[in-house]
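Novice: Quick one: sequence and predicted model below, then my questions.
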Amino acid sequence: MQIDTRSHDSRPRTKPRSDDPRVAGSDRVESLGLLILGLSKAWREELDRRLRPLGLTRVQWQALLWLSRSGGALVQRELSERLDIGAPATVALVDRMERDGLVTRSAVPGDRRRNAVVVTAKARRLQATIEATAGELRREVMGALTRDEINTLHALLAKAKARIDGLRP
């Protein structure tokens, strides 16, 4: 319970949290974005904690995860977009990862201005550990839900995501 001190009297009142089943429908709608954000943050932090022994920063393991799920290579600009970081930060990240033997840069055929970021054998070994650890966490988190609940959750989140994407010019 959170304390709501916006009362006209001096006694604090308790206000149910967004994940409390007593929260009214309109409060649930208003708190949905924060709930999704909180879930995402908690999930990322827990995965980060579990991957810490690999010696990677959060952005490095996230980059390796995106590269893994993209067949082992991405154009540097696409990696920047997926990580939601700017071009200068991406250049610095790829420089560090290249120095550590995790990726190489290769020219994109037909466009000398663009570089593809390609994983090395060392990174592929790490990717297997990252994917296994992420899968274990996913199973632990989703283990509290039935298959039908997971399907419903996925469908509803995909629908909301499509709606947001449709609002962009």
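Specialist: Great, that's in hand.
Novice: Next, Arg113: phi, psi?
Specialist: Backbone geometry at Arg113, expressed as degrees, to the nearest 10, gives phi -80, psi -20.
Novice: Just give the number of residues close to it.
Specialist: Close neighbours of Arg113, defined as other Cβ atoms under 10 Å, add up to 6. (Glycine included, C-beta is placed from N, CA and C.)
Novice: How about Glu46?
Specialist: The burial count for Glu46: 13, using other Cβ under 10 Å.
Novice: can you check Ser40 too?
Specialist: Count around Ser40 with other Cβ under 10 Å applied: 10.
Novice: swap in Arg96?
Specialist: Quick note: Arg96 (other Cβ under 10 Å) scores 14 neighbours.
Novice: which residues touch it?
Specialist: Applying Cβ atoms under 8 Å, 6 or more residues apart in numbering to Arg96 gives the contacts Gln60.
Novice: Let me know the secondary structure of Ser106.
Specialist: Following DSSP: H, G, I helix; E, B strand; the rest coil, the label given to Ser106 is strand.
Novice: residues contacting it?
Specialist: Ala73, Asn115, Ala116, Val118.
Novice: List the beta-bridge partners for the third one.
Specialist: For Ala116, the residues forming beta bridges with it (DSSP bridges) are Val75, Ser106.
Novice: ok so, going back, show me which pair in the contacts of Ser106 is furthest apart.
Specialist: Pairwise distances across the contacts of Ser106 peak at 10.2 Å for Ala73 and Asn115 (criterion: Cβ to Cβ).
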